[in-house]
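Student: sharing a model prediction with you, sequence too.
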Amino acid sequence: MSKITSLAISVSLCGFVAVWFFLTVGTILIWAAFVAWACFYALGGNAPAFRDTVISNAFGVGVASTTALVIVAVPLGDVIGGAVWAALVVAVSIAIYILAANIPALASIPGTTFGYAATFAFLLQTPDRFSTDALLSLGFASSYFVLPLSMFLGACFALASAKGSDLLVGQAEVAG
């Protein structure tokens, strides 16, 4: 069996389980899981990619959530304009997370960017989440909580799909 065929089977089956699980549980974000899943394969689709995906996605979420908190909690937008303030804070945060790539555990700039972008997607597209109260809440309203959890689960499903694909390829070689 080809690697592409085994991936199609394994990712489809794991995708079925992931969607069922996320929709059954509710409040966790299947789209964020799929972002992490893509990150896993973009980083190599192996055990080091799993580690790098989990760490870099969580770091990106942390940086973006803190960026959002600074934007809403520090009232400089009233002085220099909301768009200028937001753009300034985002620019500084991006520089920080790219410079953080000098730390080996945080070296995956794409993985960090996936977490960062997913966070702002959640905050900007979900009503009442881009607020100090939501950001600082200790539950699923907070991007600090719901995104790392959703993305970690996505990375777990991605790893399972890679292992399943390897198993299918191995079984086909034994049968062939």
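Tutor: Great, that's in hand.
Student: mind listing what's buried along the longest helix along the chain?
Tutor: In the chain, assigned by DSSP state H, the helix with the most residues is helix 143-175. For helix 143-175, the neighbour count (16 or more other CB atoms under 10 Å) marks 143-162, 164-166, 168-169 as buried. All C-beta atoms are positioned from the backbone trio N, CA, C, and that covers glycine.
Student: low-confidence ranges in this protein?
Tutor: Filtered on pLDDT under 70, the chain yields the residue ranges 171-176.
Student: please enumerate the helices of it.
Tutor: Assigned by DSSP H, the chain shows helices spanning 3-25, 30-42, 47-73, 77-80, 82-99, 109-125, 132-135, 143-175.
Student: tell me the angle the third one makes with helix 143-175.
Tutor: Taking axes from the mean of the first three to the mean of the last three CA atoms, to 10 degrees, one finds helix 47-73 and helix 143-175 inclined to each other by 160 degrees.
Student: and helix 47-73, what does it pack onto?
Tutor: Counting contacts by 3 or more CB pairs under 8 Å, 6 or more residues apart in numbering; DSSP states H and E, helix 47-73 is packed against helix 30-42, helix 82-99, helix 109-125, helix 132-135, helix 143-175.
Student: could you dump the ones you listed to TSV with distance to G60?
Tutor: Output for these, formatted as TSV (distance: least, CB to CB, whole Å):
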stretch	distance to G60
helix 30-42	10
helix 82-99	7
helix 109-125	2
helix 132-135	15
helix 143-175	9
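Student: what distance do you get for the closest residue to I109 other than its chain neighbours to D52?
Tutor: Nearest non-adjacent residue to I109, counting by CB to CB, 6 or more residues apart in numbering: A101, 5.2 Å away. Using CB to CB, to the nearest Å, we find A101 at a distance of 11 Å from D52.
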